[in-house]
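Undergrad: just coords:
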Ligand code: BGC
């Protein structure tokens with residue numbers, strides 16, 4: 001595992017050097033609405049969208065994991081809008097984080113004539129059988145944001161540089177605590193994501209690449225003793241699960257006034273759980289808390305000083321890149337990619353396009369999120 005992580009570190013660094021961004025931001029109208037105006041009324045309900053006027057492009061099935069988390073609503077809305085604008089018919093489905101629902105939605109897409117599938121999987125390992133059907137029917141598959149594992153039906157992968165997300169979070173903690181100059185020791189706790197999501201291992205790996213040496217030398221102390229991936233994973237990325245784990249950690253280690261200096265949270269839903277728990281149970285100085293996604297509640301928390309940073313992954317850019325992939329496939333040409341070494345799904349390397357994640361905090365959120373039209377001022381009130 002260590003060897004694998006190290007080779008991923010090296011290649012991720014090389015990719016970072018050649019990254020030139022990810023398409024132009026804001027190419028579609030985007031109001032940042034939490035719930036897309038045209039999205040299906042309910043998750044799991046089959047509702048094929050109507051073709052764009054004059055669209056002769058063909059049909060694209062877009063399978064998203066859930067509406068519970070704001071980012072996936074935005075991903076879905078952006079994909080749908082941009083695909084329609086490019087002349088494609090779109091079948092957009094959300095699966096309530098239920099694997100069986102997602103499998104049956106994909107089966108329906110295949111049987112109803114989708115020519116390309118774009119899939120953000122709930123569990124990267126659970127789509128092998130249904131994707132074998134797609135392959136049988138010669139339907140190319142783009143894994144969206146999350147890599148689909150152990151299936152040779154995956155044609156391309158469009159995502160953000162997930163390793164870089166983790167290193168940015170780790171570097172932030174390192175810089176804020178000034179780990180190279182301060183004696184410490186500092187107390188750290190760690191929360192990452194769902195074990196079935198390949199991204200979670202990349203986020204964790206990138207962050208631990210930065211922080212592990214300080215843990216090893218004793219400058220960072222994880223009082224709970226929960227450091228290994230399996231011990232810090234959060235099933236379903238659930239806020240409630242992170243919250244109750246943090247409750248237990250606080251009562252066992254920080255209830256006596258011991259200071260907690262930093263909490264590495266791989267994303268915003270886990271950061272929200274940690275913040276909720278600390279607000280209810282912790283009385284010491286507020287720790288550094290990391291996050292990812294710039295979800296609205298978390299941006300509000302950043303503004304209020306309750307979350308230190310987040311990572312902005314502009315879903316408009318990921319949608320733009322994915323639409324370029326769809327377009328190339330539909331026209332019978334090769335899709336644009338910028339990485340051919342980091343993402344092996346167990347059947348071989350999947351040609352990928354990695355967009356660049358961006359650091360966000362209370363100082364730059366206005367430029368990143370409001371000036372770019374991602375959110376309105378009202379969204380963050
Ligand atoms: C995504 C994150 C998201 C998490 C939970 C990951 O696969 O890359 O942006 O926070 O899933 O939905």
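TA: Sure, I can see it. Please read these numbers as outputs of a predicted model, since none were measured by experiment. Numbers count the residues shown, from 1 in each chain.
Undergrad: Show me where the stretch 51-200 of the chain has its helices.
TA: Applying DSSP state H, counting those that start in this stretch to the stretch 51-200 of the chain gives helices spanning 70-85, 99-111, 128-136, 162-177, 198-216.
Undergrad: cool, the stretch 201-350 of the chain as well?
TA: Under DSSP H, counting those that start in this stretch, the stretch 201-350 of the chain gives helices at 229-232, 239-253, 268-281, 296-303, 315-330.
Undergrad: Show me what residue of the stretch 201-350 of the chain gets nearest to the ligand.
TA: residue 267 (3.5 Å; CB to the nearest ligand atom). In short, each C-beta sits where N, CA and C put it, glycine included.
Undergrad: Flag every residue of the stretch 101-250 of the chain that's near the ligand.
TA: Residues of the stretch 101-250 of the chain lying near the ligand by CB under 6 Å from any ligand atom: 145, 146, 193, 197, 199, 237.
Undergrad: Go through the residues you listed and say which is closest to residue 119.
TA: For those, the residue nearest residue 119 by CB to CB is residue 146; the value is 8.5 Å.
Undergrad: on that earlier part again, can you add pLDDT and neighbour count and give the residues of the stretch 101-250 of the chain next to the ligand back as CSV?
TA: Formatted as CSV, those follow (pLDDT from 0 to 100; neighbours: other CB atoms under 10 Å):
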residue, pLDDT, neighbour count
145, 96, 25
146, 96, 22
193, 98, 27
197, 94, 28
199, 96, 24
237, 96, 26
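Undergrad: And these, which is closest to residue 162?
TA: residue 199 (4.8 Å).
Undergrad: residues touching that closest one, list them.
TA: For residue 199, the contact set (CB atoms under 8 Å, 6 or more residues apart in numbering) comprises 145, 146, 147, 159, 162, 193.
Undergrad: Just the ones in strands from those residues, please.
TA: Judged by DSSP state E, the contacts of residue 199 include residue 159 as members of strands.
Undergrad: can you give me the strands for the stretch 1-150 of the chain?
TA: Applying DSSP state E, counting those that start in this stretch to the stretch 1-150 of the chain gives strands spanning 59-64, 89-94, 116-119, 141-144.
Undergrad: could you dump these to JSON lines with mean neighbour count, mean pLDDT and distance to residue 244?
TA: What follows is the strands of the stretch 1-150 of the chain, written out as JSON lines (neighbours: other CB atoms under 10 Å; pLDDT from 0 to 100; distance: least, CB to CB, whole Å):
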{"stretch": "strand 59-64", "mean neighbour count": "27", "mean pLDDT": "98", "distance to residue 244": "27"}
{"stretch": "strand 89-94", "mean neighbour count": "24", "mean pLDDT": "97", "distance to residue 244": "26"}
{"stretch": "strand 116-119", "mean neighbour count": "28", "mean pLDDT": "98", "distance to residue 244": "31"}
{"stretch": "strand 141-144", "mean neighbour count": "27", "mean pLDDT": "98", "distance to residue 244": "30"}
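Undergrad: With mean pLDDT added, can I get the helices of the stretch 201-350 of the chain in TSV?
TA: TSV is the format used below for these (pLDDT from 0 to 100):
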stretch	mean pLDDT
helix 229-232	98
helix 239-253	98
helix 268-281	97
helix 296-303	97
helix 315-330	94
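Undergrad: Turn these into JSON lines, columns for mean neighbour count and distance to residue 358.
TA: Listed next are the helices of the stretch 201-350 of the chain as JSON lines, based on neighbours: other CB atoms under 10 Å; distance: least, CB to CB, whole Å:
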{"stretch": "helix 229-232", "mean neighbour count": "15", "distance to residue 358": "25"}
{"stretch": "helix 239-253", "mean neighbour count": "19", "distance to residue 358": "23"}
{"stretch": "helix 268-281", "mean neighbour count": "23", "distance to residue 358": "14"}
{"stretch": "helix 296-303", "mean neighbour count": "20", "distance to residue 358": "13"}
{"stretch": "helix 315-330", "mean neighbour count": "23", "distance to residue 358": "10"}
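Undergrad: related to what we said a few turns ago, residue contacts, the residue of the stretch 201-350 of the chain closest to the ligand?
TA: 193, 203, 237, 291, 292, 293.
Undergrad: Repeat that for residue 232.
TA: Counted by CB under 8 Å, 6+ apart, residue 232 has contacts 190, 191, 192, 204, 226.
Undergrad: okay, and for the stretch 51-200 of the chain, where does confidence drop off?
TA: The model of the stretch 51-200 of the chain has pLDDT under 70 over residues 51-56.
Undergrad: Residue of it closest to the ligand, please.
TA: residue 199 (3.9 Å).
Undergrad: Residue 379 and residue 69, how far apart?
TA: Distance of residue 379 to residue 69, computed by CB to CB, to the nearest Å: 16 Å.
Undergrad: For residue 318, find the nearest of the strands of the stretch 1-150 of the chain.
TA: strand 141-144 (7.6 Å).
Undergrad: got a list of contacts for the closest one?
TA: So strand 141-144 is contacted by 62, 75, 79, 116-121, 131, 134-135, 148, 151, 153-159, 318, 322, 325-326, 329, 345, 350 (CB under 8 Å, 6+ apart).
Undergrad: Starting from it, tell me which strands it pairs with and how they run.
TA: The pairing partners recorded for strand 141-144 under DSSP bridges are strand 116-119 (parallel), strand 154-160 (parallel).
Undergrad: Can you lay out these as a markdown table showing distance to residue 257?
TA: Listed next are those as a markdown table, based on distance: least, CB to CB, whole Å:
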| stretch | distance to residue 257 |
| --- | --- |
| strand 116-119 | 48 |
| strand 154-160 | 39 |
